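Participant: Pasting a predicted model and its sequence here:
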Amino acid sequence: MRHLHRHPGLARLALVLGLLALWEIAARYLVDPMFLSPPSRVIAGLATVFRTPGVPRALAITLWELAVAFALSVAIGLAVGLAIGLSRFSRASFMPIVLLLYGTPQVTILPLFILFFGIGPASKIAFGVSHGVFPIVVTIVAGVQNIKPILLVSARSMGASRWQTFRWVIFPHMIPSFFAGMRLGMTAVLLGVLLAELYVSTAGIGYFTTLFTQSFDPTRLFGLISLLAAMAIVLNETVRRAEVHFGRWRAE
Amino acid sequence: MTPRSGRRSQRLSRAVQLAFLIAVLALWYLATARWGVSHLLLPNPTSVLAELEDVLASGEFMGDLRVTLTELAAAFAIAALGGVSLGYVVSRSPYSVRVIEPLLAGMYSIPIILFLPLYVLFFGLGPASKIALGATIGFFPVALNTIAGFGYVDRIYVVAARSMGASGFQLFRWVLLPAALPVILTGLRMGFIVALLSILGSETIASLAGLGHRIVHLAEAMETARMFAYIAFVVAIAAALNFLVTVLEARGRR
């Protein structure tokens, strides 16, 4: 007991194992196996998920959609964010528009994306980008805005050109907020792509979640969803690590 | 910058925003009227306006609006009750905060919408699955903010109240609650918004009724103009709800 007290991580692990045990008992003895599958069987069934024809390809397609959507979101978000953030006037003019668009529930226009981009990967990528750009734009603008004016004034007074000011003052200050934006953007891209996948899909993971749901196959459904959750955690964690790593200089 | 030039650039910014809006509308109009973009993909703005008037005048939206709002109310009630009570219990000891808070934060970072197929499997296509998903997603910000709110009340206030002989209830009512309330209210607002979004999302993906379902239905029927009208309607409803909870939060903070 004392051991647990000193290591909250161990207690957390025990809690998770306890919940899994409850799930195992419930799935084995209490709930219809049509709907719930015990974790032991889900883990054992992971191999059959992979052996289902089309699933490895579907995972690859979804990962590809996420990668492209994320790259596009970062590129567009950075360009738009800098264009809006670098001048006070464009900030005052366009920021309210960006915030207004950011605040609208994009899921209502999901059917439009399908209508415009078809049911293939293009619509998932476009919908992912529509989620990813806004947090990136907002954090980039905030990052540019938060540079102490005294730094800009002193750079100018020492004769720095516009480019030099950008390269040596604005750019280094932007890096932490750029990575913070990437982290928020990744979360948003995951949401957008997965929403579009679940809505309609011919070859991605959305096709298989629908298939496993409709054929009452909870073992493979849980397995596939756990794989996707693991993928999401790895992607989020990678970007978060990068943020911690590249944001460090500020604290020093 | 002098106040006068500030005011002038502000007016100029408004002009730019207005010009942007007009440019979007003009492009939209030209695309449909001149450049021959199919009205199945992009309906004419005037026909969208006519459809919107029809939707509002006929009151056709009432059924779907009622479904969505009922789901939202139920989901939010569950999320708020569950989140605040679990958050309060966890916040009572620093140890349980250290054990449970990272667990909740970690789970919240997974896109929970992934579990929608499971919810549909368990609760069916009707409102129950939307309520369950909205409650799950809304629960996390409420619980996390409740833990943060109660967990970081300055010790000195607690010690002072105790030493002046406050009872357990008095401590809660006059020290802990006022200190934690602003943070909890923010959590409740965030929970409300994410519950709304996930309910609209799950209605879009798999449902029998509700505003999200109506939009999908119109999209599948290729009634694009009416779909645009409904999208505008839902966006307005979401904005109104957002405004409402922001005002309530600000009022509750006082």
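Facilitator: Nice, thanks for sending it over.

Participant: residues in contact with the residue in chain A positioned nearest to chain B?
Facilitator: Among the residues of chain A, A:Pro111 lies nearest to chain B; the distance is 3.4 Å by Cβ to the nearest Cβ. Every residue, glycine included, has its C-beta placed from N, CA and C. With contact set as Cβ atoms under 8 Å, 6 or more residues apart in numbering or on different chains, A:Pro111 has these partners: A:Tyr199, B:Thr204, B:Ile215, B:Val216, B:Leu218, B:Ala219, B:Glu220, B:Met227.

Participant: Give me the pLDDT for it.
Facilitator: pLDDT, A:Pro111: 86.

Participant: Just the buried subset of the contacts of A:Pro111, please.
Facilitator: A:Tyr199, B:Thr204, B:Ile215, B:Val216, B:Leu218, B:Ala219, B:Met227 (16 or more other Cβ atoms under 10 Å in any protein chain shown).

Participant: distance of the last one from B:Ala221?
Facilitator: As judged by Cβ to Cβ, to the nearest Å, B:Met227 and B:Ala221 stand 9 Å apart.

Participant: In terms of helices and strands, where is the residue of chain A closest to chain B?
Facilitator: helix A:110-117 (DSSP states H and E).

Participant: And that helix, what's buried?
Facilitator: For helix A:110-117, the buried set under the neighbour-count rule, 16+ other Cβ under 10 Å, comprises A:Leu110, A:Pro111, A:Leu112, A:Phe113, A:Ile114, A:Leu115, A:Phe117.

Participant: Follow the chain on from that helix and name the next helix or strand.
Facilitator: Using DSSP H and E, the helix or strand that follows helix A:110-117 in sequence is helix A:121-145.

Participant: Could you find the closest non-adjacent residue to the residue of chain A closest to chain B?
Facilitator: B:Ala219 (3.4 Å; Cβ to Cβ, 6 or more residues apart in numbering or on different chains).

Participant: quick one: that neighbour from A:Arg162, how far?
Facilitator: 47 Å.

Participant: does any part of stretch A:42-49 sit near chain B?
Facilitator: No: counting by Cβ under 8 Å from any Cβ of the partner chain, chain B is not contacted by stretch A:42-49; separation bottoms out at 11.6 Å.

Participant: Output that stretch in CSV, but only the C-alpha positions, please.
Facilitator: This file holds the C-alpha atoms of stretch A:42-49, laid out as CSV (Å, rounded to 0.1, in the frame of the first residue of the first chain):
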residue,chain,number,x,y,z
VAL,A,42,-10.2,-8.4,-28.3
ILE,A,43,-6.4,-8.6,-27.8
ALA,A,44,-6.3,-12.2,-29.1
GLY,A,45,-8.5,-11.1,-32.1
LEU,A,46,-6.2,-8.2,-33.2
ALA,A,47,-4.4,-10.7,-35.5
THR,A,48,-7.7,-11.5,-37.2
VAL,A,49,-8.4,-7.8,-37.7
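
Participant: Off-centre distance for that stretch?
Facilitator: Centroid displacement of stretch A:42-49 relative to its chain, using Cα atoms, centre = their mean, to the nearest Å, is 26 Å.

Participant: Then stretch A:123-133?
Facilitator: So, by Cα atoms, centre = their mean, the centroid of stretch A:123-133 is 11 Å from its chain's centroid.

Participant: Which secondary structure element is home to B:Ala236?
Facilitator: Judged by DSSP H and E, B:Ala236 forms part of helix B:224-253.

Participant: Can you give me the domain assignment for the chain?
Facilitator: You didn't say which chain, so I picked chain A. Domains of chain A are assigned by automatic domain parsing as A:1-30, A:38-246.

Participant: oops, chain B please
Facilitator: B:1-37, B:58-253.

Participant: Dump those to JSON lines, plus mean pLDDT.
Facilitator: Putting these into JSON lines (pLDDT from 0 to 100) gives the following:
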{"stretch": "domain B:1-37", "mean pLDDT": "78"}
{"stretch": "domain B:58-253", "mean pLDDT": "88"}
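
Participant: tell me the most buried of those?
Facilitator: domain B:58-253 (a mean of 19; mean count of other Cβ atoms under 10 Å in any protein chain shown).

Participant: And the closest residue to B:Ile193 other than its chain neighbours, how far from B:Met190?
Facilitator: Once flanking residues are discounted, B:Ile193 sits nearest to B:Asn242: 6.5 Å by Cβ to Cβ, 6+ apart. Plainly put, B:Asn242 is 11 Å away from B:Met190 if you go by Cβ to Cβ.

Participant: list the helices and strands the helix or strand harbouring A:Leu224 packs on?
Facilitator: Using DSSP H and E, A:Leu224 maps to helix A:218-246. Helices and strands touching helix A:218-246, as assessed by 3 or more Cβ pairs under 8 Å, 6 or more residues apart in numbering or on different chains; DSSP states H and E, comprise helix A:39-51, helix A:55-85, helix A:171-199, helix A:205-214, helix B:116-123.

Participant: mind listing what's buried in it?
Facilitator: A:218-229, A:231-232, A:235-236, A:239-240, A:243.

Participant: now the angle from that helix to helix A:205-214?
Facilitator: Using axes from the mean of the first three to the mean of the last three Cα atoms, to 10 degrees, the inter-axis angle of helix A:218-246 relative to helix A:205-214 is 150 degrees.

Participant: who's in contact with residue 96?
Facilitator: Picking chain A for this. B:Gln17.

Participant: try chain B instead
Facilitator: B:Val89, B:Val90.

Participant: now do B:Leu241
Facilitator: Here B:Leu241 is in contact with B:Phe192, B:Leu196 (Cβ under 8 Å, 6+ apart).

Participant: any idea how far it lies from A:Pro96?
Facilitator: 20 Å.

Participant: Kindly report the same for B:Gly138.
Facilitator: According to Cβ to Cβ, B:Gly138 and A:Pro96 sit 28 Å apart.

Participant: now the end-to-end length of stretch B:32-48.
Facilitator: End-to-end span of stretch B:32-48 (Cα to Cα, to the nearest Å): 12 Å.

Participant: and the nearest residue to B:Leu12 once chain neighbours are set aside, helix, strand or coil?
Facilitator: Take B:Leu12 and drop its neighbours on the chain: the residue closest to it by Cβ to Cβ, 6+ apart is A:Phe89, 7.1 Å away. Following DSSP: H, G, I helix; E, B strand; the rest coil, the label given to A:Phe89 is helix.
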